[in-house]
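Trainee: here's a sequence, model it:
(chains A, B, C and D)
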There are 2 protein chains.
Amino acid sequence: MPRRSFQHAPEGVRRQDLINATLDCIAEHSLQGATVRQIALRAGVTAGLIRYYFPGKDELVHAAYRETMSRMTGLAKSLADDYAREYTATPRQHLEFFVKASLSPPVVDARTLSLWANFVSLIHVDPEMAEIHKESYLAFRNEVERLIAAVLDHEGRPAPKSELARSAIAINAIIDGLWLEGCLAGEIFGENDLVAIGINAVNAVLKPTEG
Amino acid sequence: MPRRSFQHAPEGVRRQDLINATLDCIAEHSLQGATVRQIALRAGVTAGLIRYYFPGKDELVHAAYRETMSRMTGLAKSLADDYAREYTATPRQHLEFFVKASLSPPVVDARTLSLWANFVSLIHVDPEMAEIHKESYLAFRNEVERLIAAVLDHEGRPAPKSELARSAIAINAIIDGLWLEGCLAGEIFGENDLVAIGINAVNAVLKPTEG
DNA sequence: CGGCTATTTATGCAAATGTATAATTAGAAA
DNA sequence: TTTCTAATTATACATTTGCATAAATAGCCG
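Mentor: A predicted model of the protein is given here:
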């Protein structure tokens, strides 16, 4: 019986294929369904190959988590930047565009939520997953903080550092929460409802303080 | 070799023990670690007994999910009601108490988040989990809607049904999101920061409309 | 006390899982 | 073409998993 034929993949693409296949498996069948055999099948290779590119299944999942989070943050940021450039937006508008991008498809997406939940479920089990969570959380929050700082600066308002951080945490939380609800609830929200709620809430946080 | 000794458990408690053991296993070792053998070990029984109380492992997980969500909503509601009774609160204060309860321990809790994430990760895989999600989401949101309706009524403001629903969705999303952040971020938030952010955002949503 | 039944343990099984390792082959290098 | 090596397949293995079933026993009812 002849062996199945195969191709040598160019540098890095097989690795990426494996990560993508992992994401597909997790999104559709959850971590329990993301076995090395299923992943390999999806990637069009045999199971053994996974261990040629990754020390073990865990490391593959780590890579998949990193990929997911950096895609999300990157997408929100680049969409917002595109908008802002196109409309030569004020810093406030830029922030609002960021909120809008974060709370609309394709960032709001059932598949992404599914991936995210699977990964989060490992945070308390696997220290490396906890570390990835922390890093990606901070990456997103730093983006928010930069946008807020620009707003306050542009509007000539004093920005004590601690207050800035506080605002960033709050706004980050609001975006995360609404994103979650948008992904989970699906059709409940009209296209712009979620965005409107988000911008409204964000502006409330940024109002000149009143306790 | 003698068999291990055992006791017949009173009505319903063994079933509850199994659910609790399942929650422990999932919270500490995620779904992958919640095997029938681990669960049984934790509950102080042998693995076979699980199938005496549940048709299969799936149904046990379903029961654990139901339990978790109903505990959460019940806790927030009863804490808020207690506060409101103690201080003979206005409807607005009652709503704020509900927000406060939802965004403070023990509702905000890393363990609960861990459980929640594990369950959510199954929503797209198991239709029954999707159904439980839907039910528990609506149960919480109805509670929010009732509180909002009382506020608007008490303040003599017109409450068109659709607008009421919209507010409930928005406020529910804000609470959920901040709850999530509170659980995830842990020590980042001071005890009352999260509550302050939440009440602020909620009040923003409830402000006499401006688009 | 003796028997009955619901409850519980013990054992076994087939399937699946992650990993290790040896055999093969594609494709570049010479 | 021939050689060589990195990339890939194939196979095997020890564990683990959920589930089924038979054996045992606790504790109530008579």
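Trainee: do stretch A:55-72 and chain B meet?
Mentor: No - using Cβ under 8 Å from any Cβ of the partner chain, stretch A:55-72 stays clear of chain B, coming no nearer than 10.9 Å. Placement of C-beta: from N, CA and C, glycine included.
Trainee: quick check: buried residues in that stretch?
Mentor: Neighbour counts over stretch A:55-72 (16 or more other Cβ atoms under 10 Å in any protein chain shown) mark A:60-65, A:67-69, A:72 as buried.
Trainee: likewise stretch A:16-36?
Mentor: A:17-19, A:21-27, A:29-31, A:34, A:36.
Trainee: ok so, going back, closest to residue A:207 out of the buried residues of stretch A:55-72?
Mentor: Distance ranking of these against residue A:207, using Cβ to Cβ, places residue A:72 first at 28.0 Å.
Trainee: with adjacent residues omitted, what lies nearest to the closest one?
Mentor: Nearest residue to residue A:72, sequence neighbours excluded (Cβ to Cβ, 6 or more residues apart in numbering or on different chains): residue A:107, at 6.1 Å.
Trainee: before we move on, what SS does that neighbour have?
Mentor: Under DSSP: H, G, I helix; E, B strand; the rest coil, the three-state class of residue A:107 is coil.
Trainee: isn't it right up against residue A:180?
Mentor: No - applying Cβ atoms under 8 Å as the test, residue A:107 and residue A:180 come out as separate, 11.6 Å apart.
Trainee: for residue A:9, phi and psi?
Mentor: Backbone torsions of residue A:9, given as degrees, to the nearest 10, read phi -90, psi 150.
Trainee: counting neighbours, what do you get for it?
Mentor: 17 (other Cβ atoms under 10 Å in any protein chain shown).
Trainee: residues contacting the one residue in chain A that gets nearest to chain B?
Mentor: Here chain A gets closest to chain B at one residue, residue A:177, 0.6 Å apart by Cβ to the nearest Cβ. Neighbour list for residue A:177: B:173-181 [criterion: Cβ atoms under 8 Å, 6 or more residues apart in numbering or on different chains].
Trainee: gap between it and residue A:106?
Mentor: 19 Å (Cβ to Cβ, to the nearest Å).
Trainee: same deal with residue A:137?
Mentor: Counting by Cβ to Cβ, the gap from residue A:137 to residue A:106 is 20 Å.
Trainee: between those two, which is the more surrounded one?
Mentor: A count of neighbours by other Cβ under 10 Å puts residue A:137 above the other of residue A:137 and residue A:106, at 18 against 12.
Trainee: that one reaches residue B:184, doesn't it?
Mentor: Yes - applying Cβ under 8 Å as the test, residue A:137 and residue B:184 come out as touching, 7.3 Å apart.
Trainee: okay, now the unreliable bits of chain A?
Mentor: Where chain A drops to pLDDT under 70, the residues are A:1, A:209-211.
Trainee: name the residue of chain A that lies nearest to DNA strand D.
Mentor: Per Cβ to the nearest atom of the strand, the residue of chain A with the smallest distance to DNA strand D is residue A:48, at 2.5 Å.
Trainee: what about the nearest residue in space to that residue that is not next to it in sequence, which helix or strand?
Mentor: Spatial nearest neighbour of residue A:48, excluding adjacent residues (Cβ to Cβ, 6+ apart): residue A:40 at 8.0 Å. Using DSSP states H and E, residue A:40 sits in helix A:36-43.
Trainee: tell me what that helix is packed against?
Mentor: Here helix A:36-43 touches helix A:13-33, helix A:50-53, going by 3 or more Cβ pairs under 8 Å, 6 or more residues apart in numbering or on different chains; DSSP states H and E.
Trainee: quick one: that helix near DNA strand C?
Mentor: Yes - counting by Cβ under 7 Å from any atom of the strand, DNA strand C has neighbours in helix A:36-43: A:36-38.
Trainee: what's near enough to touch the residue positioned nearest the centre of chain A?
Mentor: For chain A, residue A:72 is the residue whose C-alpha lies nearest the centre (Cα atoms, centre = their mean; 3.0 Å). The contact partners of residue A:72, taken as Cβ under 8 Å, 6+ apart, are A:107, A:112, A:140.
Trainee: what's the angle from the helix ranked longest in chain A to helix A:36-43?
Mentor: Taking DSSP state H as the criterion, chain A has its longest helix at helix A:57-86. Following axes from the mean of the first three to the mean of the last three Cα atoms, to 10 degrees, one obtains 40 degrees for the angle between helix A:57-86 and helix A:36-43.
Trainee: and helix A:57-86 with DNA strand C, contact?
Mentor: Yes - counting by Cβ under 7 Å from any atom of the strand, DNA strand C has neighbours in helix A:57-86: A:57-58.
Trainee: also stretch A:19-27?
Mentor: No - if you take Cβ under 7 Å from any atom of the strand as the test, stretch A:19-27 misses DNA strand C, and the best it gets is 10.0 Å.
Trainee: hmm, who's touching that stretch?
Mentor: A:33-35, A:38-40, A:42-43, A:60-61, A:63-64, A:67-68, A:111, A:114-115, A:118, B:124.
Trainee: and it, how far out from the chain's middle?
Mentor: 15 Å (Cα atoms, centre = their mean, to the nearest Å).
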